[in-house]
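Peer 1: missing the sequence, but the structure's below:
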């Protein structure tokens, strides 16, 4: 560790501990010596001055909270002495100037992707199963069990073998603790150009509001039209709110020239459940044979669409992984690619920056409207964006929502914002777009894929196994301890930024190189290897 503390912005009046600091320790920084009043765990902050009640707490150069009583210099920031506070935001015409990074080394780079007839390029080639209503979830589970194992996409073999050995030990009167783990059996895939068969189990389609079913229809249509999807099997009961014709209408509205294989099976028109499942399996197998003929071909990096996300965040998220992903995002934007930043509850405190970076007044005002309507809904049920940080976030140094949010916004780099999208709206413009979703990990990644993300960069400081059915999700650890402890779910370690061994720009370039390999099928992220296919539609209610 080259430094003990960090001051993120010259305006800040708190310092971040980069390692555990002890009470009474003397910390020298920029010519000033600070005596710590208490233990300051790594990732937490301490005050640079004596603070009075109501004093503003500045971090990342902006207001992130206010002190609740007198706090002496060298004291740790806590949820007791500091409460969330942000500046009000307004539209103001600015002349935002973005200084894009040098992209000479990437100018002629390509990735090996799947080219679709509408001009988009996928980073994977999936077959997708879509239920129009939750009543069909069991049928999807039966089909998944049959096809995943037989076609080589199942990943749970080692656990089945382990359970088998435990049961055998019990039956033979042996010690269960003596049973060793079993290696995962290697499965050979039948279709070399089909990266997976994915299932969008959900709890909607009927019984809720018609608005819920309408939003779900648009979401499912977005997934069917996704560049990473080559064919679709739809299972319908028949009597539900979300009718197959509604889904097809939304699909054609999104893409009038949709030409992927689309198989539809309606249970109330079938002779029996068994015949429905058998027919769906047989016809899907024929479709898989068809899409297996599609091969990867070179595509410019401008064809990438990358969603940036954070979850299980810690006090290092806004210092290491997020700004490194942000640098990668800036490189992608400079190359003509699309970058998507979502999680609107986690932009609370960063609103003014987002508004000032919008290229048009229309986009700025759309962002302001979506933010205010969303926060108002939360307040109506006794909540609010300020209640966003989880206990894990707080324990690891994210004391207010503004601290979490301003650090989270760094994933988007510094490019100007070309568009603002509501939930399920597609990203159509090269550059950085904002996408309205909850902060909830799975609801956010679900929404990013619906907007068209073909890769997701997901930073985490505490560790989370979140993935997405159709969008390869790359996990970036904020610290090396996490990367070592949970290496089975982490792809990239941004910890060298904390130790001073790598710069943010160097790590950002490493991340982009990994993205190119994943987009080409040369690297398989851990979330994909583990079939972490998380999918939760947002019902447009209050979800932070």
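Peer 2: Perfect, I can see it now. Bear in mind that the values here come from a model prediction, so they are computed numbers and not experimental data.
Peer 1: what's the nearest residue to the residue most central in space within the chain if we skip its chain neighbours?
Peer 2: For the chain, the residue nearest the mean C-alpha position is residue 309 (3.7 Å; Cα atoms, centre = their mean). Spatial nearest neighbour of residue 309, chain neighbours left out: residue 458 (4.7 Å); criterion: Cβ to Cβ, 6 or more residues apart in numbering. Where C-beta positions appear, they are placed from N, C-alpha and C, glycine not excepted.
Peer 1: partners of the one helix or strand the one you found maps to, with directions?
Peer 2: With secondary structure defined by DSSP states H and E, residue 458 is part of strand 455-460. In the sheet, strand 455-460 lines up against strand 305-310 (parallel), strand 473-477 (parallel) (DSSP bridges).
Peer 1: mean confidence score for that strand?
Peer 2: Throughout strand 455-460, pLDDT has a mean value of 98.
Peer 1: again, but for stretch 33-43
Peer 2: Here stretch 33-43 scores 96 as its mean pLDDT.
Peer 1: Now do that stretch: everything it contacts.
Peer 2: Residues from elsewhere that reach stretch 33-43 (Cβ atoms under 8 Å, 6 or more residues apart in numbering): 15-28, 46, 48, 72-76, 314-316, 396-397, 461.
Peer 1: give the contact list for residue 62.
Peer 2: Here residue 62 is in contact with 11, 86-87, 349-350, 352-353, 402, 406 (criterion: Cβ under 8 Å, 6+ apart).
Peer 1: now those: which count as buried?
Peer 2: The neighbour count (16 or more other Cβ atoms under 10 Å) marks 86, 349-350, 352-353, 402, 406 as buried among these.
Peer 1: JSON lines for the residues you listed, including pLDDT, distance to residue 207 and secondary structure?
Peer 2: Listed next are the buried ones among the contacts of residue 62 as JSON lines, based on pLDDT from 0 to 100; distance: Cβ to Cβ, whole Å; DSSP: H, G, I helix; E, B strand; the rest coil:
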{"residue": "86", "pLDDT": "89", "distance to residue 207": "38", "secondary structure": "coil"}
{"residue": "349", "pLDDT": "88", "distance to residue 207": "37", "secondary structure": "coil"}
{"residue": "350", "pLDDT": "92", "distance to residue 207": "37", "secondary structure": "coil"}
{"residue": "352", "pLDDT": "94", "distance to residue 207": "41", "secondary structure": "helix"}
{"residue": "353", "pLDDT": "94", "distance to residue 207": "41", "secondary structure": "helix"}
{"residue": "402", "pLDDT": "90", "distance to residue 207": "38", "secondary structure": "helix"}
{"residue": "406", "pLDDT": "92", "distance to residue 207": "39", "secondary structure": "helix"}
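Peer 1: What is the nearest of these to residue 283?
Peer 2: Distance to residue 283 across the buried ones among the contacts of residue 62 (Cβ to Cβ) is lowest for residue 350, with 48.1 Å.
Peer 1: ok, so what distance separates that closest one from residue 427?
Peer 2: As judged by Cβ to Cβ, to the nearest Å, residue 350 and residue 427 stand 20 Å apart.
Peer 1: and if you look at residue 250?
Peer 2: From residue 250 to residue 427 the distance is 17 Å (Cβ to Cβ).
Peer 1: Residue 226 now?
Peer 2: 12 Å.
Peer 1: ok, now residue 85?
Peer 2: Distance from residue 85 to residue 427, by Cβ to Cβ: 33 Å.
Peer 1: Which one of the two is surrounded by more residues?
Peer 2: residue 427 (22 against 18; other Cβ atoms under 10 Å).
Peer 1: Could you check which helix or strand contains the more buried one?
Peer 2: Taking DSSP H and E as the definition, residue 427 sits outside all helices and strands.
Peer 1: so how far is residue 177 from residue 368?
Peer 2: Going from residue 368 to residue 177 by Cβ to Cβ gives 59 Å.
Peer 1: try residue 301
Peer 2: 51 Å.
Peer 1: more neighbours, those two?
Peer 2: A side-by-side neighbour count of residue 301 and residue 177, using other Cβ under 10 Å, places residue 301 first with 22 against 7.
Peer 1: Skip the chain neighbours and tell me the closest residue to that one.
Peer 2: Residue nearest to residue 301 in three dimensions, not counting chain neighbours: residue 335, with 4.7 Å by Cβ to Cβ, 6+ apart.
Peer 1: Count the residues that sit near residue 488.
Peer 2: Every residue meeting other Cβ under 10 Å relative to residue 488 is counted, giving 10.
Peer 1: and the residue lying closest to it once chain neighbours are set aside, what does it touch?
Peer 2: Spatially, and ignoring its direct neighbours in sequence, residue 488 is nearest to residue 526 (6.4 Å; Cβ to Cβ, 6+ apart). Applying Cβ under 8 Å, 6+ apart, we find residue 526 in contact with 475, 488-491.
Peer 1: ok, residue 526 to residue 473 distance?
Peer 2: Taken as Cβ to Cβ, the span from residue 526 to residue 473 is 9 Å.
Peer 1: before we move on, what about residue 444?
Peer 2: Using Cβ to Cβ, we find residue 444 at a distance of 11 Å from residue 473.
Peer 1: From what I see, residue 337 and residue 305 are in contact.
Peer 2: Yes: shown here, residue 337 and residue 305 form a contact pair, counting by Cβ atoms under 8 Å, at 6.8 Å.
Peer 1: Could you check which of those two has the larger neighbour count?
Peer 2: Just comparing residue 337 and residue 305: by other Cβ under 10 Å the higher neighbour count belongs to residue 305, 29 against 23.
Peer 1: Let me know how buried the closest residue to the more buried one other than its chain neighbours is, in neighbour terms.
Peer 2: Excluding the flanking residues, the one nearest residue 305 by Cβ to Cβ, 6+ apart is residue 338, at 4.1 Å. Neighbour count of residue 338, defined by other Cβ under 10 Å: 25.
Peer 1: pLDDT value on residue 338, please?
Peer 2: As predicted, residue 338 sits at a pLDDT of 98.
Peer 1: Give me the phi and psi angles of it.
Peer 2: Phi and psi for residue 338, reported as degrees, to the nearest 10, are phi -110, psi 140.
Peer 1: And residue 198, by the same measure?
Peer 2: When quoted as degrees, to the nearest 10, the phi and psi of residue 198 stand at phi -120, psi 150.
Peer 1: can I assume it is in contact with residue 532?
Peer 2: No: contact criterion Cβ under 8 Å: residue 198 and residue 532 do not qualify, at 11.5 Å.
Peer 1: Could you spell out the sheet neighbours of the helix or strand harbouring residue 58, each with its direction?
Peer 2: Using DSSP H and E, residue 58 sits in strand 56-59. Strand 56-59 pairs in its sheet with strand 62-67 (antiparallel), by DSSP bridges.
Peer 1: Would you point out the helix or strand in the chain whose mean pLDDT is lowest?
Peer 2: Across the helices and strands of the chain, mean pLDDT, DSSP states H and E gives its lowest value to helix 391-395, namely a mean of 88.
Peer 1: Stretch 85-97: which residues count as buried?
Peer 2: 85-86, 89.
Peer 1: before we move on, back to that, with distance to residue 193 as extra columns, can I get the buried ones among the contacts of residue 62 in a markdown table?
Peer 2: A markdown table is the format used below for the buried ones among the contacts of residue 62 (distance: Cβ to Cβ, whole Å):
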| residue | distance to residue 193 |
| --- | --- |
| 86 | 49 |
| 349 | 45 |
| 350 | 42 |
| 352 | 47 |
| 353 | 43 |
| 402 | 47 |
| 406 | 43 |
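Peer 1: Pull the contacting residues for residue 345.
Peer 2: 374-375, 378, 385, 388, 401, 405, 438-439, 544.
Peer 1: Alright, I will stop here.
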